[in-house]
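Peer 1: here is a sequence with its predicted model. Questions after.
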Amino acid sequence: MKPFFSIVVALVFPTMIFCQTTAEEWYDKGVKLKTDKKVVDALEAFRKASELKADYKEAWYEAGWCLNDLKKYDAAVTSLKTSRALGFGHDSLFFELGFAFEKTNAIDSAIYQYNQVLKLNNVYSSAYKQLGYVYYAKGENEKALDNFLRYESVYKSPVTDYLYWYKKGVIENALKKYTEAKVSLNKSIGLKNNYINSYIELGFASKNLKMDDEAIAYYKKAMEIDPKSYVPLNWIGEVYRDNKNDMNEAITWYNKALAINPNERKANFGIGYCKNSLGNYEEAITYLQKAIQNEPTYTAAYLELGYSQYKIGNYTGAIESFNKALSLNPKNETARYYATLIYITQNNKAMAQKMVDELKTMNSKHVTDLQDRVNKL
């Protein structure tokens, strides 16, 4: 016969004897909840598992995964680092840690972790993809494209993320791989046919392939998607300016962009450039100054402004503009070329020779002609 006290304890506190959940049981519950996409509840289960068993490395990892999924990246880093310190060395841990680092802008750490994944498993496709995204954000286009291509080579299913194909197309455009860019961008719009940026990039690729009518059609499609966007209007202006050499039609499209945003720097620059090409230098200055007002580091606008000032005989203003362009881009050849012409006009042999000497270090095609003219001063 059981003692009376034992019977009372069993009746009043049954969980103490029969229902105490172990760390392993909490972990198993967490795995099931995670599978059922109940991430918040899964996280709580994994936390309870790690509270009962502080060195439960698998529970710390799973909690880190859940925290990433819940976009609590700083907490994910802590949990995943704990799992790693306890000896959990699976490729998936390094991937999740890399992802958390990426989202907390610890980019070098993210790259290191993704590469650790690939040392353990060189067909871990998502690591290649995320490395591609990281390098895309850094503007390191060759590395980004290399990782995207590796991702596609090991990922056996069709890639159905329209943003992936868009970003790949952007990279290919930046690397002047325009034909390849069109393939990627068409895949992007095949997955999401109202994403305006894909049409703009398609227009850019077509423009650079001298497929002007096709480029304009893509830009007009972008206009249909967002009639309030001035971006496709600017790009149509560039097609007429750069490819068709029709400055007046280009100005028409730039003015349409300015009707939406009068301070838009690219449209103001575009009109200034076209006015210079048409010999309307005084008019060009007004637009170029406005472009600079709205982007004080606009190197191309300073070059065009300097050219306008040079053509109307405002040499002091032109030199100031060219010097500003050189302060923004010390390797600029055009600024030095026109500055040399001004110094020659002013019979300033010392400064003219200085510019020519700098152009010599750049292997400029203008050196021979300019040096002959300087020698005659």
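Peer 2: Done, it's in. If you're wondering where the values come from, they're calculated on a predicted model, not measured in any experiment.
Peer 1: any weak-confidence spans in this structure?
Peer 2: 1-19 (pLDDT under 70).
Peer 1: OK, contacts around the residue nearest to the spatial centre of it?
Peer 2: With distances taken as CA atoms, centre = their mean, Ala137 lies nearest the centre of the chain, 4.1 Å away. By CB atoms under 8 Å, 6 or more residues apart in numbering, the contact set of Ala137 is Ile107. Placement of C-beta: from N, CA and C, glycine included.
Peer 1: switch to 10 Å and redo it
Peer 2: Counting by CB atoms under 10 Å, 6 or more residues apart in numbering, Ala137 touches Glu102, Asn105, Ile107, Ala144, Lys167.
Peer 1: and for the residue lying closest to the third one once chain neighbours are set aside, the neighbour number?
Peer 2: Read it as Ile107. Closest residue to Ile107 apart from its sequence neighbours, by CB to CB, 6 or more residues apart in numbering: Val134 at 6.1 Å. Using other CB atoms under 10 Å, Val134 is surrounded by 21 other residues.
Peer 1: following the helix or strand containing Val134, which helix or strand shows up next?
Peer 2: Counting by DSSP states H and E, the element that carries Val134 is helix 125-138. The first helix or strand that comes after helix 125-138 along the chain, using DSSP H and E, is helix 141-154.
Peer 1: ok, residues contacting that following helix?
Peer 2: By CB under 10 Å, 6+ apart, the residues outside helix 141-154 that reach it are 111, 114, 118, 121-138, 140, 158-159, 164-165, 167-168, 170-175, 177, 180, 184.
Peer 1: which of those are buried?
Peer 2: Buried by 16 or more other CB atoms under 10 Å: 111, 114, 118, 121, 124-136, 159, 164-165, 167-168, 170-174, 177, 180, 184, out of the contacts of helix 141-154.
Peer 1: roughly how far out does the helix holding Val134 sit from the chain middle?
Peer 2: Here helix 125-138 is found 11 Å from its chain centre; the criterion is CA atoms, centre = their mean, to the nearest Å.
Peer 1: could I have it exported to CSV, CA atoms only?
Peer 2: C-alpha atoms of helix 125-138 as CSV (Å, rounded to 0.1, in the frame of the first residue of the first chain):
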residue,chain,number,x,y,z
SER,A,125,23.3,26.3,-54.5
SER,A,126,21.9,28.9,-52.1
ALA,A,127,25.3,29.9,-50.9
TYR,A,128,26.3,30.8,-54.5
LYS,A,129,23.1,32.8,-54.9
GLN,A,130,23.6,34.8,-51.8
LEU,A,131,27.2,35.5,-52.6
GLY,A,132,25.9,36.8,-56.0
TYR,A,133,23.5,39.1,-54.1
VAL,A,134,26.2,40.3,-51.8
TYR,A,135,28.6,41.1,-54.6
TYR,A,136,25.7,42.7,-56.6
ALA,A,137,25.1,45.1,-53.6
LYS,A,138,28.8,45.8,-53.4
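Peer 1: tell me the angle it makes with helix 141-154.
Peer 2: For helix 125-138 against helix 141-154, the angle by axes from the mean of the first three to the mean of the last three CA atoms, to 10 degrees is 160 degrees.
Peer 1: where exactly do the strands run in the chain?
Peer 2: With DSSP state E, there are no strands along the chain.
Peer 1: can you redo the contacts of Ala137 as a markdown table with distance to Tyr343?
Peer 2: A markdown table is the format used below for the contacts of Ala137 (distance: CB to CB, whole Å):
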| residue | distance to Tyr343 |
| --- | --- |
| Glu102 | 51 |
| Asn105 | 47 |
| Ile107 | 45 |
| Ala144 | 43 |
| Lys167 | 46 |
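Peer 1: among those residues, which two are most distant?
Peer 2: Asn105 and Lys167 (18.2 Å; CB to CB).
Peer 1: returning to that earlier point: tell me how far the residue nearest to Ile107 lies from Asn323.
Peer 2: Separation of Val134 from Asn323 (CB to CB, to the nearest Å): 37 Å.
Peer 1: ok, Lys221 next?
Peer 2: 43 Å.
Peer 1: looking at these two, which one has more neighbours?
Peer 2: Ranked by neighbour count (other CB under 10 Å), Lys221 and Asn323 place Lys221 first, with 19 against 14.
Peer 1: the closest residue to the more buried one other than its chain neighbours: neighbouring residues, count only.
Peer 2: Spatial nearest neighbour of Lys221, chain neighbours left out: Tyr199 (4.8 Å); criterion: CB to CB, 6+ apart. The local packing of Tyr199 (other CB under 10 Å) involves 26 other residues.
Peer 1: and Tyr199, how far is that from Ala250?
Peer 2: 20 Å.
Peer 1: what of Lys156?
Peer 2: 47 Å.
Peer 1: next, Thr160: phi, psi?
Peer 2: When read as degrees, to the nearest 10, the backbone of Thr160 gives phi -110, psi 20.
Peer 1: quick one, what contacts it?
Peer 2: Lys187, Gly190, Leu191.
Peer 1: which of these ranks first by neighbour count?
Peer 2: That'd be Lys187 among those, by other CB under 10 Å, with 20 neighbours.
Peer 1: good, wrapping up.
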